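Colleague: Just a sequence and a predicted model for now, questions to come.
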Amino acid sequence: MKKLLIKTYGCQMNVYDSARMAELLAPIGYGPTEVAEDADMVILNTCHIREKASEKVYSELGRLKKLKDERQMTIAVAGCTAQAEGAEIIARAPQVDIVVGPQSYHRLPEMIAKIARRGGHALETDFPALEKFDALPKEIATEGVTAFLTVQEGCDKFCTFCVVPYTRGSEYSRPILAIEDEARRMVARGVREITLLGQNVNAFNGEGPDGKPWSLARLCDRLSRVEGLARIRYTTSHPRDMSDDLIAAHGDLEALMPYLHLPVQSGSNKILDAMNRQHTGDHYRDLVRRIRHARPDLALSSDFIVGFPGETDRDFEATLQLVRDVTFASAFSFKYSPRPGTPAAAARRQIPEEVKDARLQTLNMLLLEQQDGFKQSLAGRTLDVLFEKPGRHASQAIGRSPYLQSVHVDDAAHLIGEIRSIRVDGVFPNSLKGSFVPARKKVLAH
Ligand code: SAH
Ligand code: SF4
Ligand code: F3S
């Protein structure tokens, strides 16, 4: 058995792709390893979203070159940097054997065979998303209680800062029945919670069983009827595609978790416009109000960019004001990173690094305060916890709250894969501690 190491960078879509790559290569004799020194093949599944992310690849390739100088090893670069840079990667790092984009990795087995036969390099950066999903193995090797399932790929939004439309191609939604089938296979392996993935997951419009396009809300409804599937999440959604039926689904579907990642990026209408987000701060506030009306216990997370070209102190203040108005349970904030080939990178009024640093710090302080406030508000509350894995102490298990926090509970080791009502007794920086509430026991139907 040959050994395969896959290192995954970037977003959940890469995590999903890495799992599928491992499944693709298992039939041709590759088993997993965690250690580069043992690996016969290393795949770097890369991210291109910010400069730091894509530069990481080259430092990793430098380390791998040393190993490859000493022994036989195949090095592949997959993911978004592979798509964006293509042959440039091989020019800059000739130790790389294979470069394969996110929509063509189903061709890995033939690419490996080709370089084994003929030597040299192999490069595939086409965009056949449809063909990819059809070509992936039906055998799911997912382990664990939670899983990602990609339902939509690519992006047609072209936010002016973002590389994703170029690295992932245009929007494509998988057919409903193919998704349902994959979900059922995951559930048969013990999965109880599925996160539906897409760059613009709420722009989903996959072909339904009736031959017509179905919305994400209809997909969620369909999946909520899959026996044994207790929880559904989706990410990442765009404010523009938060349709009325999806908002209503948050109120109607018990399986749909009350936690939504809805990136807003900025609170300034001028900056939102320059970003081509096609909504205003007030549109976002109104949207949040309507979603919370449908699902009052809903918590929000978001993404922010500080220091977008032309962002003034007033623009930044508008972002802080939006954060104060909305209140987020968690958030990711980034300094704007100019990406080659995107319109904003060519904008004249780039913001100095030290201004970006200061704004990031100010924003993070506010967001952390809100995050902490949200966690503290859970103390004493009863939450449904899905048990995922054994804890550090005997009999303890670690589960997930509806808001994705880890919850440690004693005497729960026998409950992996099940949901119980748990009272939150302790709030810690990275987890919660809880105990059983016997009166409200809830057993998952099998
Ligand atoms: N499809 C998602 C975002 C995917 S990228 C959406 O539309 O919201 C994840 C996050 O990375 C973005 O939300 C944004 O906040 C950040 N990001 C993207 N490009 C960036 C750049 N050039 N510089 C800094 N942050 C960036
Ligand atoms: Fe990037 Fe915008 Fe598309 Fe999100 S919606 S992936 S930020 S272009
Ligand atoms: Fe990164 Fe590509 Fe995801 S650029 S964030 S890995 S879609």
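Modeller: Noted; the coordinates are in hand. Ligands and ions are numbered 1, 2, ... in the order given.
Colleague: Report all helices and strands that the helix or strand harbouring residue 91 contacts.
Modeller: If you go by DSSP states H and E, residue 91 is part of helix 87-92. Using 3 or more CB pairs under 8 Å, 6 or more residues apart in numbering; DSSP states H and E as the contact test, the elements touching helix 87-92 are strand 98-100. C-beta coordinates here come from the backbone N, C-alpha and C atoms, glycine included.
Colleague: coming back round to it: distance from the helix holding residue 91 to the middle of the chain?
Modeller: How far helix 87-92 lies from its chain's middle: 27 Å, per CA atoms, centre = their mean, to the nearest Å.
Colleague: Stretch 156-174 too?
Modeller: Centre to centre, stretch against its chain (CA atoms, centre = their mean), the figure for stretch 156-174 is 15 Å.
Colleague: Ends of that stretch, what's the gap?
Modeller: End-to-end distance of stretch 156-174: 16 Å, with CA to CA, to the nearest Å as the criterion.
Colleague: Can you point out the buried residues in it?
Modeller: Buried positions in stretch 156-174, judged by neighbour count with 16 or more other CB atoms under 10 Å: 157, 159-169, 171-174.
Colleague: same deal with stretch 123-142?
Modeller: 123, 124, 125, 127, 128, 129, 132, 133, 136, 140, 142.
Colleague: for stretch 174-190, same thing?
Modeller: Going by 16+ other CB under 10 Å, stretch 174-190 has these buried residues: 174, 175, 176, 179, 180, 182, 183, 184, 186, 187.
Colleague: ok, which stretches of the protein are helices?
Modeller: 12-25, 51-70, 79-85, 87-92, 108-118, 129-135, 164-168, 176-188, 216-224, 244-252, 269-274, 281-294, 313-326, 353-377 (DSSP state H).
Colleague: Just say which of those is most tucked in.
Modeller: For the helices of the chain, the stretch with the most neighbours on average is helix 79-85, a mean of 26; neighbours defined as mean count of other CB atoms under 10 Å.
Colleague: related to what we said a few turns ago, minimum pLDDT in the buried residues of stretch 123-142, which residue is that?
Modeller: Lowest-confidence member of those: residue 129, scoring 69 (pLDDT).
Colleague: Endpoint to endpoint, stretch 270-288 covers what distance?
Modeller: 20 Å.
Colleague: Give me the distance from it to the chain's centre.
Modeller: 22 Å.
Colleague: which other residues reach it?
Modeller: Here stretch 270-288 makes contact (CB atoms under 8 Å, 6 or more residues apart in numbering) with 157-161, 239-240, 242, 262, 264-269, 300, 305, 308-311, 315, 318-319, 322, 325-326, 344, 347.
Colleague: could you list every residue that touches residue 125?
Modeller: Contacts of residue 125 were listed using CB under 8 Å, 6+ apart, and they are 82, 83, 86, 99, 100, 101, 104.
Colleague: cool, residue 247 as well?
Modeller: Residue 247 neighbours (CB under 8 Å, 6+ apart): 290, 291, 294.
Colleague: and which of the residues you listed is nearest to ligand 3?
Modeller: Nearest to ligand 3, judged by CB to the nearest ligand atom, of the contacts of residue 247 is residue 291 at 24.0 Å.
Colleague: excluding its backbone neighbours, what's nearest that closest one?
Modeller: In space, and not counting its chain neighbours, residue 291 is closest to residue 247: 5.4 Å by CB to CB, 6 or more residues apart in numbering.
Colleague: again, but for residue 127
Modeller: residue 169 (3.9 Å).
Colleague: need the contact list for the one you found.
Modeller: So residue 169 contacts 103, 127, 129, 153, 154 (CB under 8 Å, 6+ apart).
Colleague: Save the contacts of residue 125 as TSV, and put in distance to ligand 1 and pLDDT too.
Modeller: Formatted as TSV, the contacts of residue 125 follow (distance: CB to the nearest ligand atom, whole Å; pLDDT from 0 to 100):
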residue	distance to ligand 1	pLDDT
82	17	96
83	14	95
86	20	93
99	22	97
100	21	97
101	17	95
104	21	93
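Colleague: ok, and the most crowded of those residues?
Modeller: residue 82 (29 neighbours; other CB atoms under 10 Å).
Colleague: which ones are touching it?
Modeller: Residue 82 sits in contact with 46, 89, 99, 100, 101, 102, 125, where contact means CB under 8 Å, 6+ apart.
Colleague: Report the separation between the two terminal residues of stretch 70-87.
Modeller: Terminal residues of stretch 70-87 are spaced 25 Å apart (CA to CA).
Colleague: And for residue 75, the neighbour number?
Modeller: 21.
Colleague: so does the worst-scoring helix or strand of the chain on mean pLDDT get close to ligand 3?
Modeller: Of all helical and strand segments in the chain, the minimum by mean pLDDT, DSSP states H and E falls on helix 129-135, at a mean of 81. No. For helix 129-135, no contact with ligand 3 is found by CB under 6 Å from any ligand atom; the gap never falls below 12.8 Å.
Colleague: Put the alpha carbons of that helix into PDB.
Modeller: Provided in PDB are the C-alpha atoms of helix 129-135 (Å, rounded to 0.1, in the frame of the first residue of the first chain):
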ATOM      1  CA  ALA A 129     -17.900  20.600 -12.700                       C
ATOM      2  CA  LEU A 130     -20.700  18.500 -14.100                       C
ATOM      3  CA  GLU A 131     -18.400  15.800 -15.300                       C
ATOM      4  CA  LYS A 132     -16.500  15.900 -12.000                       C
ATOM      5  CA  PHE A 133     -19.400  15.100  -9.800                       C
ATOM      6  CA  ASP A 134     -20.500  12.200 -12.100                       C
ATOM      7  CA  ALA A 135     -16.900  10.800 -12.100                       C
END
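Colleague: Contacts for it next, please.
Modeller: 103, 104, 105, 106, 107, 153, 154, 169, 172, 174, 178.
Colleague: cutoff 7 Å now
Modeller: Under the criterion CB atoms under 7 Å, 6 or more residues apart in numbering, residues 103, 104, 106, 153, 154, 169, 172, 174, 178 lie in contact with helix 129-135.
Colleague: Out of these, flag the one nearest to residue 363.
Modeller: Among the contacts of helix 129-135, residue 154 lies closest to residue 363 (CB to CB), at 29.3 Å.
Colleague: check contacts around that closest one.
Modeller: 129, 168, 169, 170, 171, 172, 199.
Colleague: for the stretch 301-446 of the chain, which spans come out with low pLDDT?
Modeller: 438-446 (pLDDT under 70).
Colleague: which residues of it fall in strands?
Modeller: Per DSSP state E, counting those that start in this stretch, the stretch 301-446 of the chain carries strands over the ranges 330-335, 382-390, 397-400, 406-409, 419-427, 431-436.
Colleague: List the strands paired with the last one, with their directions.
Modeller: This points to strand 431-436. Sheet pairing of strand 431-436 (DSSP bridges) gives strand 406-409 (parallel), strand 419-427 (antiparallel).
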